[in-house]
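Chemist: just coords:
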């Protein structure tokens, strides 16, 4: 019985040692590459929403060769949610963001700034100037949208098989809606 207990302890110790050696490369210090974008001066946070949905891409002929195709971004298709998970709006072609209260903004392209997401399959972080096109509401005073904390959504690595083919790539992001900073009264 004593030998059996010793064997179990040795196996347990060997398993722990193997797990540690396996995880050692993961624990090695690697430089952190956290994306960042500068905010517009004199801006304040007006609203925050979390998006969950798709980035839609369409295949079109490559400029280099009519026989090959490439993915071209077509539109976002996402639901906007608050921090509790309740639906508060939507994000769609334009790019447009529309709140449940009817307020809507449209982005002016190209983006003012962008930087790569955390990984190769993440769409970039963006800073976009916008203008209001909807009813008065939470978005009507917004001048800029910042897309951060992206997960997924990048165009597929595999090339399209034919022109006109579309793919819907799942993604998540946080959108920060910025307005002009309020000036203190004299």
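Modeler: Yes, it's here. It should be emphasised that the depicted structure is a prediction, and the values quoted were computed from it without experimental measurement.

Chemist: now find how far off-centre stretch 166-181 is within its chain.
Modeler: How far stretch 166-181 lies from its chain's middle: 6 Å, per CA atoms, centre = their mean, to the nearest Å.

Chemist: buried stuff in that stretch?
Modeler: For stretch 166-181, burial by neighbour count (16 or more other CB atoms under 10 Å) applies to 167, 169, 171, 172, 173, 174, 175, 176, 177, 178, 179. Every C-beta, even on glycine, is put in place using the N, C-alpha and C of the backbone.

Chemist: I'd like those residues as CSV, with secondary structure and pLDDT appended.
Modeler: Formatted as CSV, the buried residues of stretch 166-181 follow (DSSP: H, G, I helix; E, B strand; the rest coil; pLDDT from 0 to 100):
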residue, secondary structure, pLDDT
167, strand, 97
169, strand, 98
171, strand, 98
172, strand, 98
173, strand, 98
174, strand, 98
175, strand, 98
176, strand, 97
177, strand, 98
178, strand, 97
179, strand, 96
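
Chemist: and the furthest pair within the residues you listed?
Modeler: Taking every pair in those and measuring CB to CB, the maximum separation is 34.8 Å, between 167 and 179.

Chemist: okay, now residue 125: neighbour count?
Modeler: 22 (other CB atoms under 10 Å).

Chemist: who's it bridged to?
Modeler: With DSSP bridges applied, residue 125 shows beta-bridge pairing to residue 115.

Chemist: what sits against the residue nearest the centre of the chain?
Modeler: The residue lying closest to the centre of the chain (CA atoms, centre = their mean) is residue 150, at 2.0 Å. The contact partners of residue 150, taken as CB atoms under 8 Å, 6 or more residues apart in numbering, are 117, 118, 122, 123, 124, 125, 171, 172, 173.

Chemist: max-length strand in this protein?
Modeler: Assignment by DSSP state E gives strand 43-61 as the longest strand of the chain.

Chemist: show me where the protein has its helices.
Modeler: Along the chain, counting by DSSP state H, helices occupy 2-27.

Chemist: so, low pLDDT: which residues of it?
Modeler: Low-confidence segments of the chain (pLDDT under 70): 1-34, 65-67, 183-186.

Chemist: again, only using 50
Modeler: 1, 3-32 (pLDDT under 50).

Chemist: circling back to that earlier point, pull the most distant pair out of the contacts of residue 150.
Modeler: 124 and 172, at 14.0 Å, using CB to CB across these.

Chemist: so how many other residues sit close to residue 158?
Modeler: For residue 158, the neighbour count with other CB under 10 Å is 8.
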